[in-house]
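>>> Got a predicted structure plus its sequence, pasted below:
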2 protein chains.
Amino acid sequence: MATVSLNRPVRTDEARMDMREAIMAAARTTVQRDGYNALSFRDLASEVGIKSASVHYHFPTKPDLAEALANRYCEDMTTFLEEVSQNAKTTEAALETYVALFRSGLDGTNRMCVIGMMSAEVNALPPSVTVQLERFAQINTDWLQNVLAIKNPRMAKEKLEARALAIYASIEGAQLIARGRGGDPLLFDEIVAAYKVSGLLG
Amino acid sequence: MATVSLNRPVRTDEARMDMREAIMAAARTTVQRDGYNALSFRDLASEVGIKSASVHYHFPTKPDLAEALANRYCEDMTTFLEEVSQNAKTTEAALETYVALFRSGLDGTNRMCVIGMMSAEVNALPPSVTVQLERFAQINTDWLQNVLAIKNPRMAKEKLEARALAIYASIEGAQLIARGRGGDPLLFDEIVAAYKVSGLLG
DNA sequence: ACCTGAACACCGTTCAAGT
DNA sequence: ACCTGAACACCGTTCAAGT
């Protein structure tokens, strides 16, 4: 079972966690919970024990912080998916773990995928960040496509690509809708179960 | 063909559009484009030609405005779906029109469903608004369930309910992902096409 | 290298005051 | 009934100043 690091602070190695990492850890949690627009440099500063002007030393502007967050999120997702590919015993188990990642943020604290959140808030973000949204989608669909190819060796590549994209979009949607209803993980489960019945996740 | 009023200003009857309606019209567009957290009473005021303090006369607080917006959005959706039910010649056509509504906001101005946006920003919203998010989901799934029941008369009610919820969540997800990629309606179409192939929208 | 206080133009909100 | 200016505590950002 791979570590679900996407819903943990950016780094847990407290002993050598420098200020930049501490800011990113706090910022990730806030973005997942409240969104990028609700993220305040002053709140962030008080969380990590410095003044808001000092946050600007590490991240000159708020979009700079958004870019760093999105970039790190992509890296963590890549690592996570590599671990799943190595450790999952079946393609079904790999897909289960994939879905479980998106469920895990919801459970308890009703947090959302950083990239899903930024997709909603995309009009506040410069190209340096939106390019990371596309990268994250690519990371997800590439991995899904590989898993699906193992499961359905005779499926055409175009169809695998389209199916991978559909799964990614539908899981983000399930998370969004469950989040809107208080982050109920059982609602998320219900939606995912219906995806399976329909054949989308089959 | 039903009027896609969900992506128009709240009321177009300019002659008798009072200030409250003008504020709601401007606010809906801004929420769809930039989100609730990015909505500014001062910008809103200058759009409709009054001062920000005057906006508070019509909507005492920002959550009050959010509640009015979400409530009106539910009403407009109900009207829209009733029109579709009356005018669509086949259940396939009804589903096409449903999907087209979510596509229409994206096209050109990359706007999002007000309720999908508020689902992402749910932590900023009081219960008076989140109850409207649940109401909107119910309006959508009730209608979808009815359409699906006509199409699949032998399907069990529980399965119809689950499928309706899955379709709603997946379409919101398609919109979110397409929005993240610049609001490309062709990407939305690609995702929806894959839903159809998988059987989810079949 | 890293942090700070003070200033700037913003924000939602309140309220006494206008018509 | 509807609107306003002024004030409040907030916001991101800048910058000269500290260590």
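Good, I have the coordinates. Numbering: from 1, shown residues only, chains lettered A, B, ... in the order given.
>>> At the contact with DNA strand D, which residues of chain A appear?
Within chain A, the residues that sit near DNA strand D (C-beta under 7 Å from any atom of the strand) are A:39-43, A:52-53, A:56, A:60-63. C-betas here are computed from N, CA, C, even on glycine.
>>> So which of those residues reach DNA strand C?
Among the residues of chain A next to DNA strand D, the ones lying close to DNA strand C by the criterion of C-beta under 7 Å from any atom of the strand are residue A:53.
>>> okay if I get the residues of chain A next to DNA strand D as TSV plus secondary structure and pLDDT?
Formatted as TSV, the residues of chain A next to DNA strand D follow (DSSP: H, G, I helix; E, B strand; the rest coil; pLDDT from 0 to 100):
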residue	secondary structure	pLDDT
A:39	coil	94
A:40	coil	92
A:41	helix	93
A:42	helix	92
A:43	helix	93
A:52	helix	93
A:53	helix	93
A:56	helix	93
A:60	coil	93
A:61	coil	93
A:62	helix	95
A:63	helix	95
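>>> my guess is residue A:139 meets residue A:75, correct?
No. With contact defined as C-beta atoms under 8 Å, residue A:139 does not reach residue A:75; the gap is 9.4 Å.
>>> which of these two has more neighbours?
Between residue A:139 and residue A:75, counted using other C-beta atoms under 10 Å in any protein chain shown, the more crowded position is residue A:139 (19 against 13).
>>> quick one: contacts for the more buried one?
With contact set as C-beta atoms under 8 Å, 6 or more residues apart in numbering or on different chains, residue A:139 has these partners: A:74, A:77-78, A:81.
>>> now do residue A:166
A:200, B:170, B:191, B:194-195, B:198, B:200.
>>> what about the residue in chain A that chain B sits nearest to, how many residues close to it?
As assessed by C-beta to the nearest C-beta, chain B sits closest to residue A:173 within chain A, at 2.0 Å. Neighbour count for residue A:173, taken as other C-beta under 10 Å: 28.
>>> do the same with residue A:18
The local packing of residue A:18 (other C-beta under 10 Å) involves 9 other residues.
>>> same deal with residue A:112?
If you count neighbours by other C-beta under 10 Å, residue A:112 ends up with 29.
>>> For residue A:85, see how far away it is.
Distance of residue A:112 to residue A:85, computed by C-beta to C-beta, to the nearest Å: 24 Å.
>>> okay, and for chain A, where does confidence drop off?
A:1-5, A:7-17 (pLDDT under 70).
>>> 80 instead?
A:1-17, A:202 (pLDDT under 80).
>>> Just want the residue of it that's nearest DNA strand C.
Proximity of chain A to DNA strand C (C-beta to the nearest atom of the strand) peaks at residue A:53, 2.9 Å away.
>>> Contact partners for that residue?
Residue A:53 neighbours (C-beta under 8 Å, 6+ apart): none.
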